[in-house]
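In: Starting from these lines, generate the structure:
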Amino acid sequence: MKKRLLSVLVVLLICLNFVGCSKTGTDVENSNKKIPKKAYIEYLEKNTKNLDVRDNEEFSSYTLLNSDVKDKEIFLIGEAHNIDVNYDIKWKFMKYFKKETNFKYLIIEYGFLDSLNINKYVETGNENYLKKVFMPNLEDYEFFRKMYRYNMSLSDKDKITVVGIDTIPSIDASQYLVEKLKDKNLLLEQKMDLQSLKEIYMQIQDVSKQEYGDKSSEDKLKDNYMDLKKKVNNVYNKIYNKEKYYREILNEEEFNFFIVLDNLKSNMDTFDFSKKGNSIEEIQDEAYLKREGVMYENFKKIYSHFQRGKYFGQMGLYHVFLHKVNINWFGARVNEGDKQFRNKVISIPIFYKECTNSKGTPISTYKDSDDLDKVLKQQYSLIKLNGSKSPFSKELRWDFINTLQWSSSGKTLDIPRDGMTTDYFQYMIIVKDANGATTIKD
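Out: Next comes the predicted model:
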């Protein structure tokens, strides 16, 4: 079957429909549980609440979080994508964290360019900006429409700014760079840089349409990609050699320009076609994992650029693990990385029981567990794992989590072996019987 590299160069979220999904019904061994079941049940009965996700001002079920939010700076929720209740959870937690912490920045699992358009929409209400952002579900657009109305009720100093930390598709990045330079009064050398960016934009379009399906077509695609990567690296170095000049002519747009330029290069570097013998699917899987480093670097740039403030975001499940599971995901890089972030993160993964996503795929990332099942009496439950005398902070348990698949080729996460449960996340949400989100039809 012939394939195209469109998903590689235009959309890096290769495994969008796999992030947070699981192999339903697969057994995961008990993670060396030694503390008696009775101790877990007694703890869980005191630290589990029915989670109210309705759009109201009732936050009594969120008081479990109150002891943590004051001292933390970054609040992350992890989801399986394309499930309807995710949007209710994100909205209600956004309001809660705003009320309790007055957080400033909403992290989204989109590129920085998308967040620029979303912010313009949130500031103006002009739907044309929102239409520039591809989002898979109707609920995505409705979320930001509600956010526009919500932000209107806040003072200027308290308004929420959206920040996209994900990779920027190469075709969008190159087009943006051209747009920002084409009307500038450039010197001759910089005009040549602009011409190079135009050629890169055209070549990305050509390569993304190139079909492959056998060794000959794959080899040709790899050669074309390596040529494109060389050109990107060349213009990248030329622009950075004249960084001061570019920052001066770009003025207030210099930060946006350079973070997009950095993402164009990192996209090229993420896909390593120089390895002999690797299939394109293997290269894509490797690139997906490298994406975590790009997200972290983007976040550090954004954190340094914007005024100080707290951050809240909801993204794919694995991104919010705060300790290594196969690799250091985004959350682990933040929580265990630079001193300014270290131990400043709260992670709240969502686990699902007998749910479906927008494609009708069964999602059951939660695995039945005797002690937990005794307290999960509602459709939505919030559990605090890091409370006083918590057994979850004394040993590692992974037995209530089904095997998690992270790639389109069926690769799964290993069961972690070190640390305690609360090293990976401090709270969790259990969702039962949720339905898929509303997919936008072409």
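
In: Against the centre of this structure, work out the most remote residue.
Out: Most distant residue from the mean C-alpha position of the chain: residue 188, 40.0 Å away (C-alpha atoms, centre = their mean).

In: isn't residue 55 right up against residue 90?
Out: No - at 11.3 Å, residue 55 and residue 90 do not qualify as touching, with contact defined as C-beta atoms under 8 Å. Where you see a C-beta, it was placed from the backbone N, CA and C, and this is true even at glycine.

In: When those two are compared, which one has more neighbours?
Out: Neighbour totals were compared for residue 55 and residue 90, and residue 90 leads with 21 against 11 (other C-beta atoms under 10 Å).

In: Spatially, what comes nearest to residue 207 if we skip its sequence neighbours?
Out: Distance criterion C-beta to C-beta, 6 or more residues apart in numbering; nearest residue to residue 207, sequence neighbours excluded, is residue 224 at 5.2 Å.

In: Actually, residue 182.
Out: Leaving aside its sequence neighbours, residue 182 sits nearest to residue 194 (C-beta to C-beta, 6+ apart; 6.5 Å).

In: And for that neighbour, the neighbour number?
Out: So residue 194, with other C-beta under 10 Å, has 18 neighbours.

In: now the helices for the stretch 151-300 of the chain?
Out: For the stretch 151-300 of the chain, the helices defined by DSSP state H, counting those that start in this stretch occupy 170-181, 188-208, 215-241, 243-250, 254-270, 280-305.

In: Now do the last one and helix 254-270, the angle between them.
Out: Same thing as helix 280-305. Relative orientation of helix 280-305 versus helix 254-270 (axes from the mean of the first three to the mean of the last three C-alpha atoms, to 10 degrees): 160 degrees.

In: just checking, what packs against helix 280-305?
Out: When contacts are defined as 3 or more C-beta pairs under 8 Å, 6 or more residues apart in numbering; DSSP states H and E, helix 280-305 sits against helix 6-9, strand 161-166, helix 254-270, helix 330-335.

In: Point out the one among these that comes closest to residue 184.
Out: Nearest to residue 184, of all those, is helix 254-270, at 10.7 Å by C-beta to C-beta.

In: now that closest one, how far from the chain's geometric center?
Out: The chain centroid and the centroid of helix 254-270 are separated by 17 Å under C-alpha atoms, centre = their mean, to the nearest Å.

In: before we move on, what about stretch 327-334?
Out: On the basis of C-alpha atoms, centre = their mean, stretch 327-334 sits 11 Å off its chain's mean C-alpha point.

In: Now do the buried residues in that stretch.
Out: The neighbour-count criterion (16 or more other C-beta atoms under 10 Å) identifies 328-334 as the buried residues of stretch 327-334.

In: hmm, back to that, would you list the helices and strands packed on helix 280-305 in a markdown table and tack on mean pLDDT and distance to residue 312?
Out: Shown next, in a markdown table, are the helices and strands packed on helix 280-305 (pLDDT from 0 to 100; distance: least, C-beta to C-beta, whole Å):
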| stretch | mean pLDDT | distance to residue 312 |
| --- | --- | --- |
| helix 6-9 | 46 | 29 |
| strand 161-166 | 98 | 11 |
| helix 254-270 | 95 | 21 |
| helix 330-335 | 97 | 13 |
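
In: who wins for proximity to residue 180 among those?
Out: For these, the distance to residue 180 is smallest for helix 254-270, at 5.5 Å, taking C-beta to C-beta.

In: what packs against that closest one?
Out: helix 112-124, helix 170-181, helix 215-241, helix 243-250, helix 280-305.

In: same thing but 7 Å
Out: Packing contacts for helix 254-270, counted by 3 or more C-beta pairs under 7 Å, 6 or more residues apart in numbering; DSSP states H and E, involve helix 112-124, helix 170-181, helix 215-241, helix 280-305.

In: what is the mean pLDDT for the last one?
Out: This predicted structure assigns helix 280-305 an average pLDDT of 93.

In: Please identify the buried residues of it?
Out: 280, 283-303.

In: Just want to check the distance between the residue sitting nearest the centre point of the chain and residue 99.
Out: Nearest to the geometric centre of the chain sits residue 109, at 3.6 Å (C-alpha atoms, centre = their mean). Residue 109 sits 24 Å away from residue 99, going by C-beta to C-beta, to the nearest Å.

In: cool, residue 379 as well?
Out: Distance check for residue 379 against residue 99: by C-beta to C-beta, it reads 24 Å.

In: Please enumerate the strands of the stretch 301-442 of the chain.
Out: 311-316, 345-353, 355-356, 362-363, 380-384, 427-432 (DSSP state E, counting those that start in this stretch).

In: Mind putting these into TSV with mean neighbour count, distance to residue 144 and mean pLDDT?
Out: Formatted as TSV, the strands of the stretch 301-442 of the chain follow (neighbours: other C-beta atoms under 10 Å; distance: least, C-beta to C-beta, whole Å; pLDDT from 0 to 100):
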stretch	mean neighbour count	distance to residue 144	mean pLDDT
strand 311-316	24	13	98
strand 345-353	24	20	98
strand 355-356	20	24	98
strand 362-363	18	24	96
strand 380-384	23	23	98
strand 427-432	22	22	98
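
In: would TSV of the ones you listed with distance to residue 397 be doable?
Out: Conversion of those to TSV gives the following (distance: least, C-beta to C-beta, whole Å):
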stretch	distance to residue 397
strand 311-316	22
strand 345-353	13
strand 355-356	22
strand 362-363	21
strand 380-384	12
strand 427-432	11
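
In: Just the C-alpha atoms of stretch 386-406, please, in PDB.
Out: The C-alpha trace of stretch 386-406 is given here as PDB (Å, rounded to 0.1, in the frame of the first residue of the first chain):
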ATOM      1  CA  ASN A 386      -0.100  12.100  48.300                       C
ATOM      2  CA  GLY A 387      -2.100  12.700  51.500                       C
ATOM      3  CA  SER A 388      -1.000  12.100  55.100                       C
ATOM      4  CA  LYS A 389       0.200   8.500  55.700                       C
ATOM      5  CA  SER A 390      -0.700   7.600  52.100                       C
ATOM      6  CA  PRO A 391       0.400   4.000  51.100                       C
ATOM      7  CA  PHE A 392       0.800   5.300  47.600                       C
ATOM      8  CA  SER A 393       3.800   7.400  48.700                       C
ATOM      9  CA  LYS A 394       5.400   4.400  50.400                       C
ATOM     10  CA  GLU A 395       5.400   1.900  47.500                       C
ATOM     11  CA  LEU A 396       4.900   1.800  43.700                       C
ATOM     12  CA  ARG A 397       1.600   0.400  42.400                       C
ATOM     13  CA  TRP A 398       0.800   0.100  38.700                       C
ATOM     14  CA  ASP A 399      -1.600  -2.800  39.000                       C
ATOM     15  CA  PHE A 400      -4.700  -0.600  38.400                       C
ATOM     16  CA  ILE A 401      -3.400   0.600  35.100                       C
ATOM     17  CA  ASN A 402      -3.900  -1.400  31.900                       C
ATOM     18  CA  THR A 403      -1.100  -1.900  29.400                       C
ATOM     19  CA  LEU A 404      -0.600   1.500  27.700                       C
ATOM     20  CA  GLN A 405       0.000   1.700  23.900                       C
ATOM     21  CA  TRP A 406       1.900   4.700  22.700                       C
END
